Structures are given as C-alpha cells and as structure tokens.
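> generate coordinates for the sequence data below:
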Amino acid sequence: MRTTIKLPDDLLARAKERAATRQTTLNVVVEDALRAALASRDPQRDPVPIPTHAGGRLQAGVDLDDTSALLDLMDGSRP
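Numbers count the residues shown, from 1 in each chain. Next comes the predicted model:
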C-alpha cells in the first residue's frame, strides 16, 4: 500500500543513512522500525500483578464495603 507520512528532516536523514549503510531501501528501514515499535510491549498497558490470598476466600469478619474497618484491619488496629 502506498501512503504519505511527514517526518522531521533529521529523522529522515538518519533513516536514509541507515538504509545506505545496510544497503537496503528506505521503505525497508521504515517497515522494520514500525514493526519493532508495534511489537514492543507498552509498559503503561502491561497488567500489574496483584497478590492475592492463596485460600481464595475472605478472612472471617471482613466486609469489603467497610473501608474504615478494612484500614483498621490492615493497620492491625482491629483483631
């Protein structure tokens, strides 16, 4: 497919230089760079692992809707 993109002059010059160094075309350099950029993982979108209790059940007396009680429990203020 054919398309037009705008590149800063310095970036285009570097890409052309790389193409010449590798004895390939500018198209191949741009394709390779775009593939590499799209294949790399986006750290902002990577899921963050959340540790969970191995038993999979709530501790007796824990009410997830009672934020104050949860904070007390985590702080050790409540038995």
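> show me where this structure has its helices.
Taking DSSP state H as the test, the helices found in the chain are 9-21, 26-39, 67-75.
> helix or strand with the lowest mean pLDDT in the protein?
In the chain, the helix or strand scored least confidently by mean pLDDT, DSSP states H and E is helix 67-75, which has a mean of 83.
> what residues sit buried inside that one?
Along helix 67-75, these residues count as buried under the neighbour rule (16 or more other C-beta atoms under 10 Å): L73. All C-beta atoms are positioned from the backbone trio N, CA, C, and that covers glycine.
> then stretch 12-26?
Across stretch 12-26, burial judged by 16+ other C-beta under 10 Å covers A15, R18, A19.
> re the thing from before, distance to M1 added to the helices of the chain, as a markdown table?
Conversion of the helices of the chain to a markdown table gives the following (distance: least, C-beta to C-beta, whole Å):
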| stretch | distance to M1 |
| --- | --- |
| helix 9-21 | 19 |
| helix 26-39 | 11 |
| helix 67-75 | 54 |
